[in-house]
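Enquirer: quick one: sequence plus predicted model below, questions after.
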Amino acid sequence: MTTLYIIVGLVLIFDFINGFHDSANSIATVVSTKVLSPLAAVSMAAFFNFIAFTVFPLKVATTIGKGVVDPDVLNLTVIGAALVAAIIWNLLTWWWGLPSSSSHTLVGGLVGAALVSSGPGSIITGGVIKIVAFIVISPLLGMIFGFIISTIVQFLARNHTPFGVDKHFRRLQLVSAAAFSLGHGGNDAQKSMGIIWIALIVYGITTKDASRPPMWVILSCQTAIALGTLFGGWRIVKTMGQKITKLKPFEGFCAETAGALTLFGATHFGIPVSTTHTITGAIIGVGSRKGVSAVKWGVTTKIFWAWIFTIPVSGLIGAAMYYLFSLVKIGSI
């Protein structure tokens, strides 16, 4: 039972770091456009992170819990190795100021550890392919929505003064930032729920036929991600808010709305996507409307490389952690 407690603790640490790491995604535009102070922004984001479970069905938790690795071949050593790999990669990319994906870090660590433990047959290929495909699809959708929404908004505001446009969209950006934070909490916290759910199945406390994880799992994961968001990841705010492209309030509104729409759709269909990829794509889409030169492609290229390397690197770390834990007999049941 002690090992299970350690696993649950690691999941909640990961969830906290996820909120800490990804809080910039929720607040970067609203802070960089000076609509809200950083403290007010993270407080609002944390609140909407927490209440997300009341809005979205737990389909993403089901995908992570049952759709990446076969629960029948898992053990707590694999889960622990995956979590440590995800935490290590999240902390490294936070330190480097790179907005990488906590979702793909977790999936990569889980797949890497499971491959070493049980071989390729343990991997649910269809589920992994779907998640990998959305490394491309989610930022692309964010980019398209961002471009379309910003074009429509600019057309509708063409006869208004810049001051009037700025005034109205400072208010509207509060709505769009709240919506994106809701989508963030809905998609990302469910990934942690899915991992605890796997551990409970492995330990025999629940069965894989259960329709949802226990309520204490739901509440603890939503609380952990909300607290992480509250403490914030300020190193990434600057990258997301200004280094990709300069944003005005109406552009921040367009980017957040585009990101929120993408997250709502993905969460509805149970697809674990990266909030980082989504909002980055949306910001690029909004910026590119002003011309290719408006986007700082050097910074964007570094972000893309972080995306590409996240799953394989976290997979390697997960495999190494599993090997290490097996040597010292950690987590075997």
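Expert: Cool, got the structure.
Enquirer: switch to C-alpha atoms for all contacts and neighbour counts from now on
Expert: Fine.
Enquirer: helices and strands of this structure: which one bottoms out on pLDDT?
Expert: Least confident helix or strand, the chain: helix 234-238 with a mean of 52, by mean pLDDT, DSSP states H and E.
Enquirer: show me where pLDDT drops low in this structure?
Expert: 23-26, 28-29, 33, 98-100, 232-246, 291-303, 306-307, 329-333 (pLDDT under 70).
Enquirer: can you give me the distance of the residue lying farthest from the centre of it to residue 324?
Expert: Residue farthest from the centre of the chain, counting by CA atoms, centre = their mean, is residue 159 at 38.0 Å. Counting by CA to CA, to the nearest Å, the gap from residue 159 to residue 324 is 64 Å.
Enquirer: the chain: helices as residue ranges?
Expert: 2-32, 38-50, 59-66, 76-96, 102-118, 125-156, 162-203, 215-231, 234-238, 249-268, 275-288, 297-327 (DSSP state H).
Enquirer: just name the most buried of these.
Expert: helix 275-288 (a mean of 29; mean count of other CA atoms under 10 Å).
Enquirer: check which helices and strands that one is in contact with.
Expert: helix 2-32, helix 125-156, helix 249-268 (3 or more CA pairs under 8 Å, 6 or more residues apart in numbering; DSSP states H and E).
Enquirer: which helices and strands does the last one pack with?
Expert: Other elements packing on helix 249-268 under the criterion 3+ CA pairs under 8 Å, 6+ apart are helix 2-32, helix 59-66, helix 125-156, helix 162-203, helix 275-288.
Enquirer: nearest to residue 93 among those would be which one?
Expert: Of all the helices and strands packed on helix 249-268, helix 2-32 sits nearest to residue 93, with 8.7 Å by CA to CA.
Enquirer: quick one: the residue farthest from the centre of the chain and residue 171, what's the gap?
Expert: Taking CA to CA, one finds residue 159 at 19 Å from residue 171.
Enquirer: got a markdown table for the helices and strands packed on helix 249-268, with distance to residue 119 too?
Expert: Shown next, in a markdown table, are the helices and strands packed on helix 249-268 (distance: least, CA to CA, whole Å):
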| stretch | distance to residue 119 |
| --- | --- |
| helix 2-32 | 22 |
| helix 59-66 | 17 |
| helix 125-156 | 12 |
| helix 162-203 | 18 |
| helix 275-288 | 30 |
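Enquirer: show the contacting residues for residue 59.
Expert: Residues near residue 59 by CA atoms under 8 Å, 6 or more residues apart in numbering: 267-271.
Enquirer: which one of these is nearest to residue 102?
Expert: Checking the contacts of residue 59 one by one against residue 102 (CA to CA), the nearest turns out to be residue 271, at 14.1 Å.
Enquirer: follow-up on the earlier one: what's the closest of the helices and strands packed on helix 249-268 to residue 230?
Expert: helix 2-32 (7.4 Å).
Enquirer: and the angle from that closest one to helix 249-268?
Expert: With axes from the mean of the first three to the mean of the last three CA atoms, to 10 degrees as the basis, helix 2-32 and helix 249-268 are set at 150 degrees to each other.
Enquirer: which residue is the nearest non-sequential neighbour of residue 117?
Expert: Nearest residue to residue 117, sequence neighbours excluded (CA to CA, 6 or more residues apart in numbering): residue 78, at 7.1 Å.
Enquirer: from what I see, that neighbour and residue 107 are in contact.
Expert: No - contact criterion CA atoms under 8 Å: residue 78 and residue 107 do not qualify, at 11.9 Å.
Enquirer: pick out the most distant pair among the contacts of residue 59.
Expert: Every pair of those checked by CA to CA; the farthest is 268 and 271, at 7.7 Å.
Enquirer: excluding its backbone neighbours, what's nearest residue 87?
Expert: residue 14 (5.7 Å).
Enquirer: list the contacts for that neighbour?
Expert: Contacts were defined as CA under 8 Å, 6+ apart; by that measure residue 14 touches 83, 86-87, 192.
Enquirer: how about residues contacting stretch 149-162?
Expert: Residues contacting stretch 149-162 (CA under 8 Å, 6+ apart): 165, 250-251, 254-255, 258, 286, 289.
Enquirer: farthest pair within these?
Expert: 165 and 258, at 18.8 Å, using CA to CA across the contacts of stretch 149-162.
Enquirer: thinking again about what came up before, output the helices of the chain as a markdown table; include the columns distance to residue 209.
Expert: Listed next are those as a markdown table, based on distance: least, CA to CA, whole Å:
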| stretch | distance to residue 209 |
| --- | --- |
| helix 2-32 | 20 |
| helix 38-50 | 26 |
| helix 59-66 | 10 |
| helix 76-96 | 19 |
| helix 102-118 | 21 |
| helix 125-156 | 18 |
| helix 162-203 | 9 |
| helix 215-231 | 16 |
| helix 234-238 | 40 |
| helix 249-268 | 21 |
| helix 275-288 | 29 |
| helix 297-327 | 27 |
